[in-house]
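**Q** My questions concern the predicted model and sequence given below.
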Amino acid sequence: MKKNDYHKNFDRILAQTKDGLKKFGKELNVLAKKSEKEIVKASKAGKIQLDIMGLTVQKEKLYYDIGKKVASLNAKKNLGIPDLEPYWKKLSDLEESSQNKQKALKGSR
(Lines give C-alpha, C1' and ligand atoms only; values in the text may rest on other atoms or scores of the structure.)
Protein backbone atom coordinates (compact mmCIF):
# COMPACT_ATOMS: atom_id res chain seq x y z
CA MET A 1 0.00 0.00 0.00
CA LYS A 2 1.21 3.45 -0.83
CA LYS A 3 1.52 6.29 1.62
CA ASN A 4 -1.34 8.13 -0.11
CA ASP A 5 -3.58 5.08 0.34
CA TYR A 6 -2.89 5.12 4.08
CA HIS A 7 -3.76 8.82 4.24
CA LYS A 8 -6.99 8.31 2.26
CA ASN A 9 -7.93 5.31 4.39
CA PHE A 10 -7.16 7.24 7.58
CA ASP A 11 -9.12 10.31 6.37
CA ARG A 12 -12.12 8.09 5.52
CA ILE A 13 -12.02 6.42 8.97
CA LEU A 14 -11.58 9.81 10.66
CA ALA A 15 -14.61 11.22 8.79
CA GLN A 16 -16.72 8.22 9.82
CA THR A 17 -15.58 8.61 13.42
CA LYS A 18 -16.43 12.33 13.40
CA ASP A 19 -19.90 11.60 12.08
CA GLY A 20 -20.39 8.87 14.68
CA LEU A 21 -19.21 11.15 17.49
CA LYS A 22 -21.48 14.00 16.35
CA LYS A 23 -24.47 11.62 16.27
CA PHE A 24 -23.50 10.25 19.70
CA GLY A 25 -23.17 13.81 21.06
CA LYS A 26 -26.64 14.75 19.80
CA GLU A 27 -28.19 11.61 21.31
CA LEU A 28 -26.38 12.25 24.57
CA ASN A 29 -27.70 15.83 24.61
CA VAL A 30 -31.27 14.57 24.12
CA LEU A 31 -30.83 12.07 26.96
CA ALA A 32 -29.37 14.75 29.24
CA LYS A 33 -32.36 17.02 28.61
CA LYS A 34 -34.79 14.17 29.33
CA SER A 35 -32.90 13.32 32.51
CA GLU A 36 -32.93 16.95 33.60
CA LYS A 37 -36.70 17.10 33.16
CA GLU A 38 -37.14 13.89 35.17
CA ILE A 39 -34.91 15.23 37.95
CA VAL A 40 -36.91 18.46 38.12
CA LYS A 41 -40.15 16.46 38.15
CA ALA A 42 -38.90 14.18 40.94
CA SER A 43 -37.65 17.18 42.90
CA LYS A 44 -41.02 18.90 42.71
CA ALA A 45 -42.79 15.71 43.80
CA GLY A 46 -40.37 15.37 46.71
CA LYS A 47 -40.99 18.94 47.82
CA ILE A 48 -44.75 18.39 47.72
CA GLN A 49 -44.36 15.21 49.80
CA LEU A 50 -42.30 17.12 52.37
CA ASP A 51 -44.97 19.84 52.47
CA ILE A 52 -47.64 17.20 53.06
CA MET A 53 -45.58 15.66 55.87
CA GLY A 54 -45.14 19.09 57.46
CA LEU A 55 -48.87 19.74 57.34
CA THR A 56 -49.56 16.30 58.82
CA VAL A 57 -47.18 17.02 61.70
CA GLN A 58 -48.91 20.37 62.31
CA LYS A 59 -52.29 18.61 62.32
CA GLU A 60 -51.07 15.96 64.78
CA LYS A 61 -49.69 18.68 67.06
CA LEU A 62 -53.04 20.47 66.93
CA TYR A 63 -54.83 17.25 67.92
CA TYR A 64 -52.35 16.87 70.78
CA ASP A 65 -52.95 20.47 71.93
CA ILE A 66 -56.73 20.02 71.72
CA GLY A 67 -56.47 16.81 73.76
CA LYS A 68 -54.39 18.54 76.42
CA LYS A 69 -56.88 21.40 76.62
CA VAL A 70 -59.86 19.04 76.91
CA ALA A 71 -58.07 17.02 79.60
CA SER A 72 -57.25 20.21 81.46
CA LEU A 73 -60.86 21.36 81.31
CA ASN A 74 -62.10 17.95 82.41
CA ALA A 75 -59.75 18.02 85.41
CA LYS A 76 -61.33 21.30 86.57
CA LYS A 77 -64.90 20.17 86.01
CA ASN A 78 -66.41 17.06 84.56
CA LEU A 79 -67.29 17.84 80.95
CA GLY A 80 -69.91 15.09 80.88
CA ILE A 81 -69.09 13.81 77.41
CA PRO A 82 -69.98 10.10 77.45
CA ASP A 83 -67.75 9.23 74.48
CA LEU A 84 -64.72 10.48 76.42
CA GLU A 85 -65.42 8.52 79.61
CA PRO A 86 -63.31 5.48 78.61
CA TYR A 87 -60.40 7.79 77.92
CA TRP A 88 -60.71 9.49 81.31
CA LYS A 89 -60.74 6.06 82.97
CA LYS A 90 -57.63 5.00 81.05
CA LEU A 91 -55.92 8.30 81.90
CA SER A 92 -56.77 7.86 85.58
CA ASP A 93 -55.42 4.27 85.55
CA LEU A 94 -52.19 5.38 83.88
CA GLU A 95 -51.73 8.19 86.39
CA GLU A 96 -52.29 5.81 89.28
CA SER A 97 -49.79 3.31 87.84
CA SER A 98 -47.25 6.08 87.35
CA GLN A 99 -47.61 7.23 90.96
CA ASN A 100 -47.22 3.64 92.22
CA LYS A 101 -44.04 3.22 90.17
CA GLN A 102 -42.66 6.51 91.54
CA LYS A 103 -43.36 5.33 95.11
CA ALA A 104 -41.66 1.98 94.38
CA LEU A 105 -38.66 3.83 92.98
CA LYS A 106 -38.38 6.01 96.10
CA GLY A 107 -38.65 2.91 98.28
CA SER A 108 -35.88 1.11 96.43
CA ARG A 109 -33.32 3.87 97.00
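**A** Ah, there it is.

**Q** Point to the helix or strand of the protein where mean pLDDT is at its lowest.
**A** Ranking every helix and strand in the chain by mean pLDDT, DSSP states H and E puts helix 3-76 at the bottom, with a mean of 87.

**Q** how far does it sit from the chain's center?
**A** In terms of CA atoms, centre = their mean, to the nearest Å, the centre of helix 3-76 is found 15 Å from the chain centre.

**Q** buried residues in the helix or strand containing Lys103?
**A** Assignment of secondary structure by DSSP states H and E places Lys103 within helix 85-107. Buried residues in helix 85-107, counted by 16 or more other CB atoms under 10 Å: Trp88. No exception for glycine: its C-beta is placed from N, CA and C like everyone else's.

**Q** Contacts for it next, please.
**A** Residues from elsewhere that reach helix 85-107, judged by CB atoms under 8 Å, 6 or more residues apart in numbering: Ala71, Asn74.

**Q** separation between the residue nearest to the spatial centre of the chain and Val57?
**A** Closest to where the C-alpha atoms of the chain average out (CA atoms, centre = their mean) is Leu50, at 5.4 Å. Applying CB to CB, to the nearest Å, the value for Leu50 to Val57 is 11 Å.
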